[in-house]
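>>> Need a 3D model of the sequence below.
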Amino acid sequence: MPGGRLTQQERQQIALGLADGLPYAEIARRLDRPTSTITREVMRNGGPTAYRADLAHRATERRAHRRRQATPRGSEAPPPAHGRDAEAVREYEETFTTLLMAQGLPKMMSRVLTCLYTTDAGSLTASQLAQRLQVSPASVSKAVTFLESQGLIRRERDERRRERYSVDDDVFYQSTIAGARSSTQLAETARQGVGVLGSGTPAAARLENIARFLDFVAEGITRAAEQAREVLHTKAEPTSDSTAEPSPDHG
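Reported below is the predicted structural model:
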């Protein structure tokens, strides 16, 4: 399977495949590339309806140029934590970000959340996020405000009174419960429409079915989340190739 960055010709093949309505997996098969590579390429360059091969190629070159500028010539980048492959980490972060975007999270919010999840400390200040993502503090501020409102991150203050944004194991539990609560509220609103539209009418029957469906889903999600919560607090068994204790991440 070929490695390395996508060529301009491959990007043209991706554009043609999208125009023909081919799924990502089929485009990937034709190019002998992982499906995740195609998904990431499309989602970070406008999505399936706005993808343009020439624009995507130029955008990739600009990103590579910015990364080169981020490390001043003559200086050495700090060694990656735990001996990690820096390029593999970067590719993984792009994959994770693309997945979050595919699920409906805006790009900057996805990048911030990925950054927090992939740092060992699990928390960063606004300035640290801006530096890592190479974006403005205003972009970070908007993203963290949205993520906090969705229950996906927590805001706290450290010993120096700086605001830090954190994720932990319970964040996904709280977010899942919040989603179930939203489904319950939507079910209640749908059921209110039954009385407004008249019981026994086709429209009222439709809303009643929606309410029953959402009630069932919300109950199931809540029950499953409560049962699975203990998994979040169960320490995973070390893998057989673990050879050293991880050192603390200082962000």
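
>>> Give me the distance between residue 112 and residue 148.
Counting by Cβ to Cβ, to the nearest Å, the separation of residue 112 from residue 148 is 11 Å. Bear in mind the C-beta positions are built from the backbone N, C-alpha and C, glycine included.

>>> Touching both of the two, which residues are there?
residue 165 (Cβ atoms under 8 Å, 6 or more residues apart in numbering).

>>> neighbour-wise, which of those two wins?
Taking other Cβ atoms under 10 Å, residue 112 and residue 148 do not tie; residue 112 has more neighbours (31 against 13).

>>> which residues touch the more buried one?
Contacts here follow Cβ under 8 Å, 6+ apart; on that basis residue 112 touches 129, 133, 140, 143, 144, 147, 153, 165.

>>> domain assignment for the protein?
8-60, 92-166, 169-232 (automatic domain parsing).

>>> Of those, which is nearest residue 85?
Evaluated with Cβ to Cβ, the domains of the chain place domain 92-166 nearest to residue 85, the distance being 9.5 Å.

>>> Endpoints of the closest one, how far apart?
Taking Cα to Cα, to the nearest Å as the measure, domain 92-166 stretches 20 Å from start to finish.

>>> mind checking how far it is from the chain centre?
Taking Cα atoms, centre = their mean, to the nearest Å, the mean C-alpha location of domain 92-166 is offset from the chain mean by 10 Å.

>>> Report the separation between residue 19 and residue 119.
39 Å.

>>> got TSV for the domains of the chain, with distance to residue 84 too?
Putting the domains of the chain into TSV (distance: least, Cβ to Cβ, whole Å) gives the following:
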stretch	distance to residue 84
domain 8-60	19
domain 92-166	10
domain 169-232	22
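
>>> And those domains: which comes nearest residue 82?
Among those, the nearest to residue 82 by Cβ to Cβ is domain 92-166 (8.0 Å).

>>> what about residue 156, which helix or strand?
According to DSSP states H and E, residue 156 maps onto strand 154-157.

>>> Direction included, what does that strand pair against?
Strand pairing for strand 154-157, determined by DSSP bridges: strand 163-166 (antiparallel).

>>> biggest helix in the chain by residues?
Counting by DSSP state H, the longest helix found in the chain is helix 202-232.

>>> Report the buried residues of that helix.
Buried residues in helix 202-232, counted by 16 or more other Cβ atoms under 10 Å: 204, 207, 208, 210, 211, 214, 215, 218, 221, 222, 225.

>>> For the residue with the largest distance to the centre of the chain, give me the backbone phi and psi.
No residue in the chain sits farther from the centre than residue 200, which is 43.1 Å out by Cα atoms, centre = their mean. In this entry, residue 200 is assigned phi and psi values of phi 90, psi -10 (degrees, to the nearest 10).

>>> okay, it: pLDDT?
According to the prediction, residue 200 has pLDDT 86.

>>> where's it relative to residue 13, distance?
Taking Cβ to Cβ as the measure, residue 200 and residue 13 are separated by 55 Å.

>>> And the next helix or strand past the helix or strand of the chain with the lowest mean pLDDT?
Ranked by mean pLDDT, DSSP states H and E, the weakest helix or strand in the chain is helix 53-70, scoring a mean of 73. Per DSSP H and E, the first helix or strand lying C-terminal to helix 53-70 is helix 86-102.

>>> what's the spacing between that following helix and its chain's center?
For helix 86-102 - counting by Cα atoms, centre = their mean - the centre lies 8 Å from the chain centre.
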